[in-house]
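Q: Take a look and give me a structure for this.
(chains A and B)
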Amino acid sequence: MALRAQTGPYFGDFGGRFVPESLVAALDELSEAYTLAKLDPAFGAELTELGRSYTGRPSIITEVPRFAEHAGGARVILKREDLNHTGSHKINNVLGQALLTKRIGKHRVIAETGAGQHGVATATAAALFGLECTIYMGEVDTERQALNVARMRLLGADVVAVTAGSRTLKDAINEAMRDWVTNVETTNYIFGTVAGPHPFPEMVRDFQKIIGEEARQQVLDLTGALPTAVTACVGGGSNAIGIFHAFLDDVDVALYGYEAGGEGVDTERHAATITMGRPGVLHGARSYLLQDEDGQTIESHSISAGLDYPGVGPEHSWLSALGRANYRPVTDAAAMGALRLLSRTEGIIPAIESAHALAGTMELGRELGPDATILVNLSGRGDKDMDTAAKYFELYDEENPR
Amino acid sequence: MRTVGPVIRRRNDDANGALIGYLPVGFPTLDESVDAAFALVENGVDVLELGLPYSDPVMDGPVIQAATQQALANGFRLADGFEAVRRVTERTDAPVLIMTYWNPVVQYGVDRFADDLAAAGGAGLITPDLIPDEGAQWIAASERTGLDRVFLAAPTSTDARLRQAVEASRGFVYAVSTMGITGARSDVDAAARTLVARLKAAGAPASCVGLGISTAAQVAEVLEYADGAIVGSALVKALADGGVDAAGALAAELARGTRAE
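A: Numbering: from 1, shown residues only, chains lettered A, B, ... in the order given. Below you'll find the model as predicted:
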C-alpha cells in the first residue's frame, strides 16, 4: 500500500485512542463528520476558497542562494508558509476544523497553544465564523509569547494561563482536554497538531498536506525535478507532515525532521522526542515520548515554545520506525544562528521553530553537496519571536531598556 | 484472591450499597497515605481505590491534581504503589483497587504490572484513560491473574459502548455521574441515575457511581439506584486539610449514607 494512503486510528504500532470514555462520543462524532465532509465536494470547495481568499494560498516558494552558500552550496528552496494570514501554517488546519465545527452544530471552540500560533489561528477562525473561543496556554508560554496573548485577546478569545505541571504546551493540552470532557455538548476541540487521539492525527495531516502538494509541483516547475530532500521542524509535527506527505511515495526524496535539541541531547534540557524518547502513551495516542522509567512525562525544553513538547505525532513515529523519514536534533544555539543568517542573507525573519529546519538544512546541505536541492518548510514568521531574539542577540539599546 | 464483586454484593444485602474511597498513594507521604487508607476502612469504607500519581492526569480536577503533583515532587515511584497495596492489605480485609493512567502500566510492562499487583494483594485496576477498544493486553493479563478490571461508562456512551464496557469489566462498571473531571459538586447529576439504569439494561452485575460525590446525603441518594458510591476529592481534601483523623472522620460521616433509611 502506498504510504500516502495510510489512515488512522493506527499508523503501524502508533496512534489509537487512549482517552476517557467521556470523550469517545465526541471523537466518534468528529470522525463521522470528517468522513462525511471529505466526501462532500462543497466542503472541499469552501475550504479551497477560504485558502485562496483568506489565507493567501497557494503560498509561494522562494529560492535563497545567499543563504544556500552556508548550506554546502546546495540549492535551497523555502516553502513560504510564513506568508499565510496569521503568520504560519497553523491556519490551514484551523479553517478546516472550524468549518467542521459549524457542520457539527457546536458554537464554542477550545484550543491549546504553545508559541501562540495555533491559538492565534484558532482565535482568528473563531472571529471569522462567529464562534466562542477559549485558548489554553501554559503560563511559561504566556510570558515568553506575550504578544500572541494580546493578539488572541484582540481577536475576542478568552486566554487561560495554565499553571499546572510544567506550565507549557503539554499542560495546556491537559487543561483543554478537561474543558472538553466537561463541555463536550457545546464545544469542539480544535487540536493544533498531528498528535492526540484519532481522528486528529489523520485529520490535521489532511488539512496540512496542501503544503507539500503545492510545493511538490512548484519545485517541479522551477527545477524540472523533485527535490533531493525535504526538511521541516518537528514539535508535534503538523508542518512537517504537511510538507512530507506529498513526497512519502517518492522513494528518491529524502525526508528530514528536525527536533528541538535545546541545550543539547546530552543534557536533560531538550525536546528531541524521537531522537531520545521511547514509545509510550500521552494525550490519547501511542507514540514516541520523553518519559522516565515509570512512564512519567519528562518536561521538555526548547527556546522555541512551539517545539517545546515531549510528545510527537504517531505518523512521525511510524515514518521513523519504517526508516522513511529521518529525525535529528538541532540545538537552540544552532537554530538562533540560522534565524540570524536567513534574516541577514535573504531579508526573511523566520520563526524560531522554522529556524530549526534551516539549521538542519545547513548541515544537510554540507552532507549532500552542491548537486542537491533541498526544500525547506518555512512554517512561520519571526515577528512573534522578536523579544526572544532581541534578548538573545542583545538588540535592545542599553540606555533604553524595555 | 480478594476481589471487589463479593464485597459489593454483600453490602447491597446488608446495607444500601458499597462505599468506595479514593486516595492517592504518597500523599502527603507514603506512610500517611497508607495510614489514611487504613483509617478509611476502619471508618466504614468498603473498597479502597488507591491512585498512582501521574504527570498528566487529564481526568482529575484541582484537588487531586495538587495532591498527586505533591506526591510526585516528593519522589513517588511506581514501586511505592505496590508497597502501599501490600501494607494496606496486610492491615485490612477490604479489597484494594489501583486507579492508574495507562502509560505507567505500559512502561512497567502490562503482564509484569498484573503479576506484581496480584502478588501485593491488590484486587485490580481502574483505568480512566483506557477504553476497552485499546485494552486487549490488559484484558488478557487480568484474565490470567484473576484481577478485577473496571472500565468507565459515561452519560454520552452509546448503548453498544455500554454493552462493551459491561462485557469488558469485572468487579463493577464505573459510572461517570456527569460530564467532567473529578471534584466535589453540590448536585450529583441526574444523568447518573439514567446511566445506571442503562448499564443494568446492558447486563451490568454492578455499577458504582463516581465524580462529584462528597456528602453522606449524596452517598444515600446514589445508593438508591447504584451498587456503590465512589468518593475521591472530598476525602483527599479532608486529608490535605486535617490529616489522617479528618479523612477518617469524613469516611465515618459518608458511611452513614450507606445505612440511611
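
Q: for chain B, which spans come out with low pLDDT?
A: Low-confidence segments of chain B, defined by pLDDT under 70, are located at B:261.

Q: Do a quick rundown of the strands in it.
A: With strands called from DSSP state E, chain B shows them at B:18-24, B:47-51, B:96-99, B:124-126, B:148-150, B:152-153, B:173-176, B:207-210, B:228-231.

Q: closest one to chain A among those strands?
A: Between chain A and these, the shortest separation by C-beta to the nearest C-beta is 4.2 Å, and it involves strand B:152-153. C-beta: built from backbone N, CA, C; applies to glycine.

Q: and that closest one, how far out from the chain's middle?
A: Between the mean C-alpha point of strand B:152-153 and the mean C-alpha point of its chain there is a distance of 12 Å (C-alpha atoms, centre = their mean, to the nearest Å).

Q: what about B:Gly171, distance to A:Leu290?
A: 34 Å (C-beta to C-beta, to the nearest Å).

Q: Help me confirm that A:Pro199 comes into contact with A:Ala33.
A: No: at 9.4 Å, A:Pro199 does not count as touching A:Ala33 under the criterion of C-beta atoms under 8 Å.

Q: Get me the contact residues on the stretch 151-261 of chain B for chain A.
A: Where proximity means C-beta under 8 Å from any C-beta of the partner chain, the interface of the stretch 151-261 of chain B facing chain A comprises B:151-154, B:156-158, B:161, B:165, B:176, B:179-181.

Q: same thing but 7 Å
A: Within reach of chain A by C-beta under 7 Å from any C-beta of the partner chain, the stretch 151-261 of chain B has these residues: B:Leu152, B:Ala153, B:Ala154, B:Thr156, B:Ser157, B:Arg161, B:Val176, B:Met179, B:Gly180, B:Ile181.

Q: Identify the residues contacting A:Ala325.
A: Taking C-beta atoms under 7 Å, 6 or more residues apart in numbering or on different chains, we find A:Ala325 in contact with A:Phe244, A:Leu255, A:Gly257, A:His316, A:Leu319.

Q: Any chance of TSV for these, columns pLDDT and distance to A:Thr223?
A: Conversion of the contacts of A:Ala325 to TSV gives the following (pLDDT from 0 to 100; distance: C-beta to C-beta, whole Å):
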residue	pLDDT	distance to A:Thr223
A:Phe244	99	19
A:Leu255	98	18
A:Gly257	98	22
A:His316	98	27
A:Leu319	98	24
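
Q: among the residues you listed, which are in helices?
A: In helices, judged by DSSP state H, the following of those are found: A:Phe244, A:His316, A:Leu319.

Q: Scan these and report the most crowded one.
A: For the ones in helices among the contacts of A:Ala325, neighbours were counted using other C-beta atoms under 10 Å in any protein chain shown, and A:Phe244 has the most, 31 neighbours in all.

Q: Which residues are in contact with the closest residue to that residue other than its chain neighbours?
A: Computed as C-beta to C-beta, 6 or more residues apart in numbering or on different chains, the closest residue to A:Phe244 that is not its neighbour in sequence is A:Leu255, at 5.0 Å. Remark: with contacts taken as C-beta under 7 Å, 6+ apart, A:Leu255 is in contact with A:Val230, A:Phe244, A:Phe247, A:Arg324, A:Ala325, A:Asn326.

Q: If you rank every helix and strand of chain A by mean pLDDT, what lands last?
A: For chain A, using mean pLDDT, DSSP states H and E, the weakest element among its helices and strands is helix A:139-144, scoring a mean of 89.

Q: Quick check: next helix or strand after it?
A: Towards the C-terminus, the helix or strand next in line after helix A:139-144, according to DSSP states H and E, is helix A:146-154.

Q: how far does that following helix sit from the chain's center?
A: For helix A:146-154 - counting by C-alpha atoms, centre = their mean - the centre lies 19 Å from the chain centre.

Q: do the same with stretch B:70-78
A: 20 Å.

Q: got the contact list for it?
A: The set of residues external to stretch B:70-78 that reach it, using C-beta under 7 Å, 6+ apart, is A:294, A:296, B:24-29, B:52-53, B:55, B:104, B:108.

Q: No further questions, thank you.
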